[in-house]
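J.: Fold the stuff below for me.
(one chain, ligands or ions: 1)
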Amino acid sequence: MSTLLEVSDVTVSFDGFRAINNLSFHIGPAEMRAIIGPNGAGKTTFMDIVTGKTKPDKGRVIWGARRLSLLGLSEARIAREGIGRKFQKPTVFEDQSVQENLLMALKNRRGPLSVLFYRPMAAHLARVAALAEEIGLADQLQRKAGELSHGQKQWLEIGMLLAQEPKLLLVDEPAAGMTPAEREHTTNILVEAAKTRAVVVVEHDMEFVRRLGCKVTVLHEGSVLAEGSLDHVTADKEVIDVYLGR
Ligand SMILES: Nc1ncnc2c1ncn2[C@@H]1O[C@H](COP(=O)(O)OP(=O)(O)OP(=O)(O)O)[C@@H](O)[C@H]1O
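T.: Next comes the predicted model:
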């Protein structure tokens, strides 16, 4: 299988403390992956490295078929290469409608000059309608984002990221604060998205991870402790010890 993102032997220290320690990770172009691990395992730092927010002390981060090194690139450039990140807290424009939020995300994709002369065209409205359908907000297009439930805001933000057509989507704890029904819908959105792109989900909720039905990477002390199906990793003695704090 071809590789979209290849992280090799990456180490990051903060004041001498190794938050990431010889970490290697790779993911294919249409793959879902869950990353789990106890608090402080390095999950956020890992995403910070991939998005260019944190520069590693050593190692390689290679992107795409052209095997581009992401290490020298700015966060903005990495985003333009097709890496989108969804933070835990939704950051939608509350005073704008769902449709306006999605349109804004679409026009962001088209660069600063086109934003100046932007008029929504039929094609954009059709794309927004398709995105709204994908995230389950087709009947909410005219509602102000600020009136949506927490779960709906999260879906809107996922939709805004999908509008930019990322090749890799990094999602931080999507299930946090959601009702069971919202979690189920979120699973469906992510599973659908991973059919055409890579999706990496960092999540503490094991039931949510189980429903994603994907390969799981367990991080511990900045390294990969185990990798495989959820059943495989949760049966691993080292993983059990780490989670039980032994
Ligand atoms: N900027 C920083 N300066 C100093 N230490 C840091 C910094 N960022 C992270 N760390 C430390 O690096 C380790 C890994 O942190 P990180 O946030 O990546 O873990 P995590 O797996 O995301 O944890 P959680 O599940 O609690 O979000 C922790 O011990 C953290 O305190």
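
J.: I'd guessed residue 242 sits against residue 38; true?
T.: Yes: between residue 242 and residue 38 a contact is recorded at 6.0 Å, counting by CB atoms under 8 Å. Every residue, glycine included, has its C-beta placed from N, CA and C.

J.: any residues in contact with both of these two?
T.: Shared contacts of residue 242 and residue 38 (CB atoms under 8 Å, 6 or more residues apart in numbering): residue 220.

J.: tell me what whichever strand or helix holds residue 102 is packed against?
T.: Element membership for residue 102, per DSSP states H and E: helix 98-108. Where contact means 3 or more CB pairs under 8 Å, 6 or more residues apart in numbering; DSSP states H and E, helix 98-108 is packed against helix 111-116, helix 122-134, helix 150-163.

J.: Next, the angle helix 122-134 makes with the longest one.
T.: Orientation of helix 150-163 against helix 122-134 (axes from the mean of the first three to the mean of the last three CA atoms, to 10 degrees) gives an angle of 140 degrees.

J.: one step back: identify each buried residue in the helix holding residue 102, please.
T.: 98-107 (16 or more other CB atoms under 10 Å).

J.: With stretch 143-161 instead?
T.: Those would be 144-145, 148, 151-161, for stretch 143-161 by 16+ other CB under 10 Å.

J.: which one among those gets closest to residue 52?
T.: Using CB to CB, residue 161 comes nearest to residue 52 of those, at 16.4 Å.

J.: my read: that closest one touches residue 86, true?
T.: Yes: with contact defined as CB under 8 Å, residue 161 counts as touching residue 86 (5.8 Å).

J.: what sits against residue 214?
T.: Applying CB under 8 Å, 6+ apart, the residues contacting residue 214 are 31-34, 194.

J.: repeat for residue 215
T.: 31-34, 227-229.

J.: can you check residue 196 too?
T.: residue 30.

J.: Checking my notes, it in a helix, right?
T.: No: using DSSP: H, G, I helix; E, B strand; the rest coil, the assignment for residue 196 is coil, not a helix.

J.: So it versus residue 181, what's the distance?
T.: 25 Å (CB to CB, to the nearest Å).

J.: do the same with residue 89
T.: Counting by CB to CB - residue 89 and residue 181 are separated by 21 Å.

J.: Of those two, which one has the most company?
T.: residue 89 (13 against 9; other CB atoms under 10 Å).
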